[in-house]
Structure formats: structure tokens, C-alpha cells
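Asks: Next one to model:
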Amino acid sequence: MKNVYLVGFMGTGKTAVGKLISRKLHREFIETDALIEEGSGKKITEIFEQYGEVHFRKLERKLLEKLATKTNLIVSCGGGLICNPENLKLMAKSGIIICLKAKPDTIYRRTKQASHRPLLNVKNPLSAIENLLNLREEFYSQAHYCINTDDILPDEVAAEVIKVIDSKV
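Replies: Numbering: from 1, shown residues only. Just a heads-up that it's a prediction; the model follows:
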């Protein structure tokens, strides 16, 4: 069975929903950011600070190339992973891409306490969220399916994702 790639901005529920789906479907759950941290021995914030975003994106690409050779995975992708056209092609070829979306104020509310989000460690994080969402929308809109997570619980989002997966089997 093909992989399921959960994409979207930080704070849209990719990890929480991915873990629920993984348990319900008895499929392995992978979180790309966690694997990068594990493989590098550094937190994402440290990678950004020490080596920059370009280096981090290379690590994401290398990991995605490995994951795309496997099957039956539920993959929670870092928010910017899909923004590389080559990554987008690789995900589309090896799986179903499902984008989880939320409004900027919802994302801000969900992420404002998290210091481990390097792209939001700025003076005006809500403005940064809005700007990044605008920049990434062209990529997010290329997902096979989109689900809005603003006003629904992770269990409900997981049920929607499972419906999509079941319709593709």
C-alpha cells in the first residue's frame, strides 16, 4: 500500500493526526523532523542556527528519498518539505498527499508556546505565519486532498483522512 504523506503548515495537526491514523490502520508512523533530529543529534532549531535553512532542506530531501522507497508509512512532513517541487513529485509518485490546513490565527494559537519552531522565533509570529502560508499555498494546493482542521478535533480529522485512504484502496 502507498505511503500517506501529511503535509501542511506547523500547528495544523499533522503529528497528532498521523499518530492516530497509524494506530487505527496499524501502519508505521514517521515524523520527518523527529528523524532528522535523531539522525543529526541536533534539534531543528540548532540545525537552523548552525547550518541554515538550506542545509536543513537538504536533510529533508535525503530523508524523503529513503522514505519514498518504502510502503505503508504514515508520514508527518515538516511544514516546508512540500515546497521543493522535486519533493512534491516524489511524494505524489510514492503515496497520497493530504494537506491539513488551518487559519493563521488558529495556527498561532496552537504554536505560540512552542520555542522549537525556528521560523516563528520572530518579533511578530502571526505576521510570519500569514507570510509563510501565502508563500507555501501554491505547494499545499497541489496535495491530492485538503482537510481544514480549524474547528474539528484530531480524532475527527483522522477519520476524514482514513476515509480518503479507504477511497484510494
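Asks: element containing residue 6?
Replies: In the assignment (DSSP states H and E), residue 6 maps to strand 3-7.
Asks: just how off-centre is that strand within its chain?
Replies: The chain centroid and the centroid of strand 3-7 are separated by 8 Å under Cα atoms, centre = their mean, to the nearest Å.
Asks: Going C-terminal from it, what's the next secondary structure element?
Replies: In N-to-C order, the element after strand 3-7 by DSSP H and E is helix 14-25.
Asks: other SSEs contacting the one helix or strand residue 129 maps to?
Replies: Residue 129 is part of helix 125-140, with elements assigned from DSSP H and E. Secondary-structure packing of helix 125-140 (3 or more Cβ pairs under 8 Å, 6 or more residues apart in numbering; DSSP states H and E): helix 104-111. The C-beta positions use only the backbone N, C-alpha and C, and glycine is treated the same way.
Asks: Show me how far stretch 148-163 is from its chain's centre.
Replies: 15 Å.
Asks: same question for it, mean pLDDT?
Replies: Taken as a whole, stretch 148-163 has an average pLDDT of 96.
Asks: hmm, who's touching that stretch?
Replies: When contacts are defined by Cβ atoms under 8 Å, 6 or more residues apart in numbering, stretch 148-163 is touched by residues 4, 6, 12-13, 16-17, 20-21, 24-25, 98, 100-103, 106, 147.
Asks: what about 7 Å?
Replies: The contact list for stretch 148-163 (Cβ atoms under 7 Å, 6 or more residues apart in numbering) reads 12-13, 16-17, 20-21, 24-25, 98, 100-103, 106, 147.
Asks: Buried ones among those?
Replies: With burial judged by 16 or more other Cβ atoms under 10 Å, the buried subset of the contacts of stretch 148-163 is 12-13, 16-17, 20-21, 25, 98, 100-102, 106, 147.
Asks: Farthest pair within those?
Replies: 25 and 106 (26.2 Å; Cβ to Cβ).
Asks: if we can go back for a sec, which element follows the helix holding residue 129 toward the C-terminus?
Replies: Next helix or strand after helix 125-140 toward the C-terminus (DSSP H and E): strand 145-148.
Asks: In that next one, which residues are buried?
Replies: Counting neighbours by 16+ other Cβ under 10 Å, one finds that the buried residues in strand 145-148 are 145, 147.
Asks: got the buried residues for the helix or strand where residue 61 lies?
Replies: If you go by DSSP H and E, residue 61 is part of helix 53-67. Residues of helix 53-67 classed as buried: 56, 57, 59, 60, 63, 64, 67 (neighbour count, 16+ other Cβ under 10 Å).
Asks: and which of those is nearest to residue 30?
Replies: Comparing the buried residues of helix 53-67 against residue 30 with Cβ to Cβ places residue 67 closest, at 6.4 Å.
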